[in-house]
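Enquirer: Fold the following and give me the result.
(chains A and B)
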Amino acid sequence: MKAEKYSYRKNYGLLLVFFIVISGLYIFALFLSRNYTESHIKNEFTNRKSEIFDQTLIPFNDFFQNRIPEVSFYQGFLDSVQAGKYAYSILSSYPFVREIGFFDLQFNNDHNLNYGFIVNNLRIQPKTITFFSISRSGLNKNTILDRGQMALHSEEINNIGVKLATYIDKLQANAKLSDKDILKVFYTIRPGQITYLNIPRVNDLIVYKSIMEGNLDHTVGYEQDMFNFQIDPMYLEVKNSYANLYEKVEIVPLVGAPITPENDEISTEMPLPGALADYKLLFRSSKSFLSEEINRSFWPVLGGISLIYIILIAILYLIYRNLEINGRLFKLQYDFINNLTHEFKTPVSVIKIAGNNIKSAQVLSDEERKMYGNILDQEADRLNNLMNKLLSFSQIENKTIKLNKEEVDLEEFTENLVASSRIKYADFKISTKIDVRTSMLADPVLLSSVFQNMIDNAYKYSKAGHKILDITIQQNKKNFVITFKDEGIGIEKAEFNNIFKKFYRIKSQYNQQGSIGLGLAFCKEITEFIGGDITVKSQLGQGTTFTLVFPV
Amino acid sequence: MTAICYLITIFGLIDKDAFGIMRLQFWTVLFFCALTMLGCQQHKVDPIPINQFFSTPEKSNFKISPNGRFIAYIGMDNHCKNIYLIDLKHRDSSKQLTYQNDINVKSFAWNNDSKISFLTEQSSQDSLRLYAVDINTEKIWALIKPVRARFRWIHSIASGGESFVAGINDRDSSFFDLYRIYLDGRPRERILQNPGNMSSWIASNDGQIRLAIANDSVQQSVLFRPSEQEPFKEIIRCDVESSFTPLGYKDSSNRIIYALSNIDRDKLALVSYDLVDERELGELFSHKAVDVSPGGYFSELNRLLFVNYTTSRQNRHFFDEQTKQKYNELSKQIDGFEFQVLNTDASGEKVIIKTYTDVNPGGIYFYDFITKELTKLTDNNSDLKDKELSPNEFVTYKARDGVEISGYLTYPVHSNRKDLPMVVLPHDGPNGREVWGFDNEAQFLANRGYLVFQMNYRGSTGFGKKFWTAGFKEWGGKIQDDITDGVKWLIKEGIADKNRIAIVGKGFGGYSALHAACFNSDLYKCAVSYSGYTNLFTYFRDIPPYFKSYVQKMYQIVGNPIREAELFKNISPVFHSDKVRIPVLLVQGGKDRFSSVTDANQFVQKLKNNNIPVQYLLKEDEDRTFKKDENVFGYYNELERFLAKYLAD
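Expert: Numbering: from 1, shown residues only, chains lettered A, B, ... in the order given. Reported below is the predicted structural model:
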């Protein structure tokens, strides 16, 4: 058990648990966010109404705060012509103002004029009353000059008269008009109408006071203007800037048959202020409309959560793949050590047998001694070779080897190698075709090991009795192109990339022993180290061609 | 200066001498540079604190006694205004006459050589309190019972030693009746009941009232009666544009008067007039370009010594060589200063004068023509006496229609007179004109580095009837064009920097500033209105309906608010606040009768809504002209900050 601790472990169970946890979290997050979105939308539904409310009231507030006080700019000097111009500009820009009444008033102490509103000596009398409204043909004007007719409209005058008289009665000599007083005295705001009296200067008010108290012994008359605005809130333009939340926004009377919300409908309302107070804003949406909105705003959340989930899954896959590759690598190295041991084992056991034989032999004949000598020599060479190969390979890998460049006459170089190979493998038919103009600048030792490897491989992977190798070397403008073409067993196309990998061996009968899967990887490393390139072409059963390309 | 220094430095550096010498030279140049820069620093004028420009003098109202022995004045004791006395014969017996520590002396007058009567008040809304004081015993007694009314000095010298004549409006607040007030405290006696149209009176040297000015309707008229027993008779009636202003009687005569008249002439001329024959006796002096102004007639002497007229500076015309000699001697003594004679004793040999120049507020002096001794009584503004201030420079330019407009430029001290930030300062009125003299507001602005431009736009007085009436119904019209044309002219001349021009004004000037902010936002960088008329409808409202005479005149000058409502609307800034594109500083007194706080609030609110930077300084307790020092300083402080912010480079 203890040994297992140090062995390579792949715990896919852990990955599985991780996968289950994040999937669970994913589903949980989706559930939570869906719930949140729903309550958010419902909150929005009740909260956003104040924005629409404010927006809807912008023209009314502008009218109330800016346009009505404009009357005071004229300080009572308005006549019905000027008032008409003012009324037209109001009526045409504020459709909710349906009708404007203009009261051209005079504040006087003339005892001969006994009509209008009279308090002590102060008389507030309409000179004319004019009603303005707007239609397609333009401004409609209805002027009342008849006192009997005027009496019909005395309510407004009496109203303002009482308020003004009460106010100036308490007025001190150095008083000033506060905003509160102004709203209280000069505005009369009732649902559906606003009455506004031109705000006189404090000095004028003091004069009115002395008129009221009868302190003036001469007759005076002060011009004042009063306006009455008839307001219909139904003409307020409702801007539904949250069309996604509210299916319908409308102005409805405050009282009246309450609209019971249908089962599948949600509604909320806001009462309108001041002169609009008998109406309210009603906001309605059906449930399906809202759930559509909930879905709409849920989609991006869903996307975001899913993206995170996908990223986590991708990371999981990468961890899995890493584990797999490491496992394979581990197995390769394990194989390599196995092979290497095997490779070492053969010469060592041969040496051991030879040594035992020598040790146990009583007499050694000359022939025997020669044979055992040869065996020991050969096996030692083999071991040496093996170790050299390993050493140089790791040197190249680590780039610790130094290139020893010389001029190599390829023709002579190849012939030497071929000659020695012919001695080595008696049944090997090697033909060469060399056509070069110049010598090549390379490290001859490294180059020869590449050539030797190519020749050895061609021999090794050819059927007995059909061991043929064609070596051609050609020189074009840029490169030397060297091909080794055998008629051996060939390589599967799928293996083309693998054959140059370290410790990789194609499983076949031809390499059961004496190979550690380093040959071609070694050739590739060296070729690239010198500055060349190695490629392979092959057809299973037909033969293989390796092409080496080196720059001139 | 600095640029030259740099040049010298560069020349020093490229000198081809030996290295050491070059270095020596470099250091010399550097030293020289430092010196000049120090010099430059010194030339830069330090800002003078605001309170030094606008402080009210501690001593005022210097008045010499009829016998010429005493001078009385109002000074401060215990934060209250009291009367002080200077004994010219025995200086060490000079003393304080009144000791009031809860009420101010508002004004006083000599009744005879030993008695002074004076008014006291705590605020302008106070009731009328009139007292007399004996300068020898310092005894104070009340002359009338306190009433809620206003008071006007008519003829303060107690003719016959017992009583003097004054106007009090307690019967009807809209006009004054004349009363004889007895110095021994007897009840006052009404000597003239105003029928409602009389606005001023001239007393004869026997104390009788024979001459009155009435404002009946559009026109002004002169009323005369040969004696107090006879009824008044209208002897002269002027049209809207003309005026006839009596200065006083000629010597001891009760029928010949001196007057300033522009009846049948364009410019006011000095004439003598026979009240009995109702005819002008002849023109004594006139000037071809400007109106003659009063100033040389002394009721103490019943004599006309000279007349003033103001072209680019004030001039005096004398009628006899001897007086001319005397006054030339005085001019020599006060060396370079301009002066005004404030009052004189009964002999005319002892006078109190006020001196000034455009760069010096001057002082109040006592001068004795016999001993030729000049005694300083007080400095008008001692803080500014030795400060470096800027002269007024007279300029003229042509308006777009060819009318010549005059004005004054006050440059910042030591400026290069090119591309200066400018403050345009149209005067209040529009009835009035700019004159050469000490102007603390202009000096304050010039001291802060601004070129100050003041102009006599058409409608200004002092240049004749034609020029004055050319401004009628031209508010926001040709008057405004004259201001604009002046600014454009200064830009063209390269004096004013076209990107740094502010328009600042009080009353009508403030109206012009607001009008410019509404309709000429391109020309000005910012506008300041101090009690400016925001709404001409409101401006008109201040004229009470029973004061019809004035209304008619105003219809001529401004327009008729009912019949010409469209014109009023077009030129009233409050209707056009949405056109304003430049920062505005609006200063408003809560008790201003000509423009209401409601209008100002509206104007400010509209600007705020349009995101136009606006500063609003509302002083509830102040009238049109701020009285309290703290509010005056507050305004100029705000003005300084506002201009610095928006006229910065």
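
Enquirer: When you work out contacts or count neighbours from here on, use the C-alpha atoms and nothing else.
Expert: OK.

Enquirer: farthest residue from the center of chain A?
Expert: With CA atoms, centre = their mean as the measure, chain A has its most outlying C-alpha, relative to the mean C-alpha position, at A:Val363: 89.5 Å.

Enquirer: For that residue, which residues are in contact?
Expert: Listed by CA atoms under 8 Å, 6 or more residues apart in numbering or on different chains, the contact set of A:Val363 is empty.

Enquirer: Tell me which strands the longest strand seen in chain A pairs with, and in which orientation.
Expert: Secondary structure of chain A read by DSSP state E shows that its longest strand is strand A:122-135. For strand A:122-135, the pairing partners within the sheet under DSSP bridges are strand A:97-108 (antiparallel), strand A:117-119 (antiparallel), strand A:138-144 (antiparallel).

Enquirer: if we can go back for a sec, would you list the phi and psi of the residue farthest from the centre of chain A?
Expert: phi -130, psi 140 (degrees, to the nearest 10).

Enquirer: again, but for B:Phe118
Expert: Comment: the main-chain dihedrals of B:Phe118 come out as phi -150, psi 160, following degrees, to the nearest 10.

Enquirer: thinking again about what came up before, any idea how far the residue farthest from the centre of chain A is from A:Arg201?
Expert: Summarising the geometry, the distance separating A:Val363 from A:Arg201, computed by CA to CA, to the nearest Å, is 150 Å.

Enquirer: Based on its surroundings, how many neighbours for the residue in the stretch 251-400 of chain A that chain B sits nearest to?
Expert: Nearest to chain B in the stretch 251-400 of chain A, going by CA to the nearest CA, is A:Gly274, at a distance of 21.0 Å. Applying other CA atoms under 10 Å in any protein chain shown, we find 13 other residues in the vicinity of A:Gly274.

Enquirer: The nearest residue to B:Phe285 once chain neighbours are set aside: neighbouring residues, count only.
Expert: By the measure of CA to CA, 6 or more residues apart in numbering or on different chains, the closest residue to B:Phe285 outside its immediate chain neighbours is B:Leu270, 5.2 Å from it. One way to gauge burial is a neighbour count; for B:Leu270, by other CA under 10 Å, it gives 26.

Enquirer: Following the chain past the helix or strand that contains B:Leu270, name the next helix or strand.
Expert: Using DSSP states H and E, B:Leu270 sits within strand B:269-274. Per DSSP H and E, strand B:269-274 leads on to strand B:279-285 as the next helix or strand towards the C-terminus.

Enquirer: tilt between that next one and strand B:269-274?
Expert: Strand B:279-285 runs at 150 degrees relative to strand B:269-274, counting by axes from the mean of the first three to the mean of the last three CA atoms, to 10 degrees.

Enquirer: So which bits of strand B:279-285 are buried?
Expert: B:Glu280, B:Phe285 (16 or more other CA atoms under 10 Å in any protein chain shown).

Enquirer: and it, average pLDDT?
Expert: Model confidence over strand B:279-285 averages 92 on the pLDDT scale.

Enquirer: Give the pairing partners of that strand; include direction for each.
Expert: When pairs are called by DSSP bridges, strand B:279-285 turns out to pair with strand B:269-274 (antiparallel).

Enquirer: For the partner strand, give me every contacting residue.
Expert: Under the criterion CA under 8 Å, 6+ apart, external residues in contact with strand B:269-274 comprise B:255-262, B:279-287, B:291-292, B:307.

Enquirer: if you set the cut-off to 6 Å instead, what comes out?
Expert: For strand B:269-274, the external contacting residues (CA atoms under 6 Å, 6 or more residues apart in numbering or on different chains) are B:255-261, B:279-286, B:292.

Enquirer: if we can go back for a sec, what pLDDT does the residue of the stretch 251-400 of chain A closest to chain B get?
Expert: 86.

Enquirer: go on, B:Ala527?
Expert: Among the per-residue scores, B:Ala527 shows a pLDDT of 96.

Enquirer: tell me the contacts of it?
Expert: Contacts for B:Ala527 (CA under 6 Å, 6+ apart) come out as B:Ala502, B:Ile503, B:Val504, B:Ala513, B:Val584.

Enquirer: Thank you kindly, that will do.
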